[in-house]
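Trainee: Here's a sequence, model it:
(chains A and B)
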Amino acid sequence: MTDLPGAQWTDEPTDFAQRGRLPRPAGSPASVLGSLNITAASTDPGLLDLPWHLKLEDWPTKNLAALPRGISRHVVRFAHLGGTVIAIKETSEHVARHEYHMLRKLARLDVPGVEPVAVITGRTTAEGAPLDPVLVTRHLKFSLPYRALFSQKLRRDTLTRLIDAQALLLVRLHLIGFYWGDVSLSNTLFRRDAGAFAAYLVDAETGELYPDLSTGQREYDLEIARVNIAGELMDLLEGGLIEEKVDPVATSELIMASYRTLWAELTEKESFELGQRWRVEARIRRLNDLGFDVEEYAIKTTPDGSTIQIQPKVVDAGHHQRRMLRLTGIDAQENQARRLLNDMDAFRADTNPDLDEDISAHMWVSSIFEPIVRSIPRELSGKLEPAEVVHEVLEHRWYMSEQRDRATPLAEALQSYIDTILRHRRDEAAIILTTDTATMKLLDAGDRPAVEGPLGD
Amino acid sequence: MKGLKTVATVTFDNATRLYPGTEKPAVDKLNIEIADGEFLVLVGPSGCGKSTSLRMLAGLEDVNSGRILIGDRDVTDVPPKDRDIAMVFQNYALYPHMSVADNMGFALKIAGVSKEERAARVKDAAKLLDLEAYLDRKPKALSGGQRQRVAMGRAIVRNPQVFLMDEPLSNLDAKLRVQTRTQIASLTRRLGVTTVYVTHDQVEALTMGDRVAVLKDGLLQQVGTPRELYDTPQNVFVAGFIGSPAMNLLELPEVDAGVKFGGAIYPVPRDVLATAAGNTVTLGVRPEDLDLVGQGEGLQVNVDVVEELGADAYVYGHASLNNVEQNMVVRVDGRRPPMKGDTLYVVPKVGHVHLFDAASGLRLEA
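Mentor: Residues are numbered from 1 along each chain as shown, chains lettered A, B, ... in the order given. Model (predicted):
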């Protein structure tokens, strides 16, 4: 389109870029097979081997990673691609393109979300009848749909942690100007994160990026979240999948408080007297503890200089993650990183407090982290992410030591953890759900009944 | 529906939205009065401001100047959830373990509405939506169309003063889209709830709206009934935007008794021509308002493509005006369509021509 008025920033919410508008120009297709048209950042040649000339419903089992259960407005299937699992959703071309580009934009902005792989249009049957375009995304390894987080019944504190993770994700999305429009537990995936959860956006179909969000937009997203979460919990109650003492409405309201507290801490102005300058430092430390770095803040003083006002302007999630990555090269979740950094600091204090931080970190990796990861038996490697295992081993060691009232050697704690805990966990490497988040049959596990997910997107 | 009827006009009063860091408003001094129970469609090309206008009404966009009223109430600074509006959202998830009735009414439960009241409202909505027989079933038992109606039901049971719909049909396939379009149009009229509907599709706008507001570049171009927009477009933009195939718009020289149309003169009273700046005017004529004439008598059109539709055929061709090629569409008798490469001569039917100032694009009134 050439006549976009006022297109003065790249992500201006023109009608063109929004859900339901005309498709973006396809550009030159990355690969053309017959009439097939693939838009992808990098084309995995394996993509061409999938039976695109068949309706997704009719794909042979040999191509499928798992069979979806539950009811969905879009047809969704999971297939193996290289060493990963991909989700394929049949939808209209403009929805597919909108979501593909939105997921790419979000990835560039470092928002945790699923990875878009391709949009494939121009599909036809062998007889030449047209087939719906598809959006292909990559399944997030070790991610869990919320419905898979309760092996028997969802515990209340698990639920609270899920909602906290969801609130944090929503705050991060709002900080970069993303209005979600369909916030729900179903449209989110969770990864274990050192006793808490890290939330990932799954469905960007209704999302729009703005330079800034108005209060109205944030509040409406929060209202959608509250209503959807309450609905999802009512559904779990109805299905007997959740403790009966859980109150869906009261629980759903937790997200409001969790979101608002976090939002205020990250964005609100704070005023104090000149003599209390330490409060600048304190505010930044609080933000660091919450997992954020302050990239830019505004400090103002009143004309008479008696009062100082501070307001964070640009904050960036991943404070501990970045420190962890810088020191060790290990890419962990935020809480895992926080937990492991604590251990690393304790390690330094115990072994050689005067040692340079980087060198001490390397020693920690080679004497703690790597030995643990290496000693996980191969057949158990699909249970949990390595960083999560290390966190759990360290936790286990702490409990053992407390019980015995003496320090437990790492090797002993490790063996005990593998035998008594890890071996009895289910594999979480590839628990699958549709993009519309119905829980699917577990991959490779097969011993757990599949659960139906909600309809919709 | 019982208890539903509330008087809800919607007024955009010089409502303006200026994004930070830009100079040109995304919506510029919008003035529209929407009557109680009216179905108003906002339509225009991408970036025209139609969705921004809707979001301003919803409370999702700040209003930088001007006001928005629902009924007599100024809602300019009221949070979205307190505006008594319902954004109809086709992406609603349906919950598999809950009955259709609970799927429709659960938001009322969250809002603290009593059980009896909930049951009554759900029943009323189900009756309207032809879902009464399914209330106790699980959503799995419903067809695609019925599931769409459950989504509508969720908005209806809330008894909002205004429904807002932003391209609600864009995710549906063509067949379900036409079907749902008809359902929405008839349902909102039966409910009598004021509805504001956004689409980029002018056909959808004309078929659904009581009135249609055409926007471009953040400015309201014209608001009127579908017939008014079609018959008396107020400027060149509306003339070209409304109608399919589009109106032919030609810049033609003024002559003494009218406008020179190829070898013919289209008569225009002198006082009308006098209101136009310059010595040319823009003449608009719809494809169905061109008559075929003998060789050399009117404007010469060279045929590029013929689209046969049975009774009629559309001829897509080009004419040469001032050595500039100009695309033309002509509707002709489907029984004797011309062939590709043929040459036609056409003149407008008298009284079926729209004249616009070539400089300002505004309609010249006779």
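Trainee: tell me which residues form a beta bridge with the nearest residue to residue A:270 once chain neighbours are set aside?
Mentor: Nearest in space to residue A:270, with sequence neighbours left out and distances taken as C-beta to C-beta, 6 or more residues apart in numbering or on different chains, is residue A:310 at 5.4 Å. (Each C-beta comes from the backbone N, C-alpha and C, glycine too.) Beta-bridge partners of residue A:310, counted by DSSP bridges, are residue A:270, residue A:299.
Trainee: What's the local residue count around residue A:310?
Mentor: Using other C-beta atoms under 10 Å in any protein chain shown, residue A:310 has 19 neighbouring residues.
Trainee: That one contacts residue A:268, doesn't it?
Mentor: No - at 9.7 Å, residue A:310 and residue A:268 do not qualify as touching, with contact defined as C-beta atoms under 8 Å.
Trainee: measure the residue of the stretch 51-200 of chain B found nearest chain A to residue A:400 for me?
Mentor: Closest residue of the stretch 51-200 of chain B to chain A, C-beta to the nearest C-beta: residue B:170 (2.8 Å). According to C-beta to C-beta, to the nearest Å, residue B:170 and residue A:400 sit 58 Å apart.
Trainee: Check residue B:125 too.
Mentor: From residue B:125 to residue A:400 the distance is 59 Å (C-beta to C-beta).
Trainee: Could you report the neighbour count for residue 121?
Mentor: I'll assume chain A. Residue A:121 has 21 neighbours, counted by other C-beta under 10 Å.
Trainee: sorry, should have said chain B
Mentor: Residue B:121 - counted by other C-beta under 10 Å - has 23 other residues nearby.
Trainee: What's the local residue count around the nearest residue to it once chain neighbours are set aside?
Mentor: Excluding the flanking residues, the one nearest residue B:121 by C-beta to C-beta, 6+ apart is residue B:157, at 4.5 Å. If you count neighbours by other C-beta under 10 Å, residue B:157 ends up with 27.
Trainee: What separation do you get for the closest residue to chain A within the stretch 251-366 of chain B and residue B:214?
Mentor: Nearest residue of the stretch 251-366 of chain B to chain A: residue B:361, at 14.3 Å (C-beta to the nearest C-beta). Distance, residue B:361 to residue B:214, by C-beta to C-beta: 13 Å.
Trainee: list residues touching both of those two?
Mentor: Common contact partners of residue B:361 and residue B:214 (C-beta atoms under 8 Å, 6 or more residues apart in numbering or on different chains): residue B:237.
Trainee: Looking at these two, which is more packed in?
Mentor: residue B:214 (27 against 17).
Trainee: right, and residue A:387 touches residue A:335 too?
Mentor: No - using C-beta under 8 Å, residue A:387 is not in contact with residue A:335, being 9.9 Å away.
Trainee: hang on, the earlier thing: so who does the residue nearest to residue A:270 touch?
Mentor: By C-beta under 8 Å, 6+ apart, residue A:310 lies in contact with A:269, A:270, A:271, A:279, A:280, A:283, A:297, A:298, A:299.
Trainee: Can you tell me the SS state at the residue of the stretch 51-200 of chain B closest to chain A?
Mentor: Following DSSP: H, G, I helix; E, B strand; the rest coil, we place residue B:170 in the coil state.
Trainee: in terms of contact, does residue A:135 touch residue A:119 like I think?
Mentor: Yes - using C-beta under 8 Å, residue A:135 makes contact with residue A:119 at a distance of 5.8 Å.
Trainee: Do you have the helices of the stretch 351-457 of chain A handy? List them.
Mentor: Remark: helices assigned in the stretch 351-457 of chain A by DSSP state H, counting those that start in this stretch are A:357-364, A:370-374, A:386-404, A:410-420.
Trainee: Select, out of those helices, the one closest to residue A:94.
Mentor: helix A:386-404 (38.7 Å; C-beta to C-beta).
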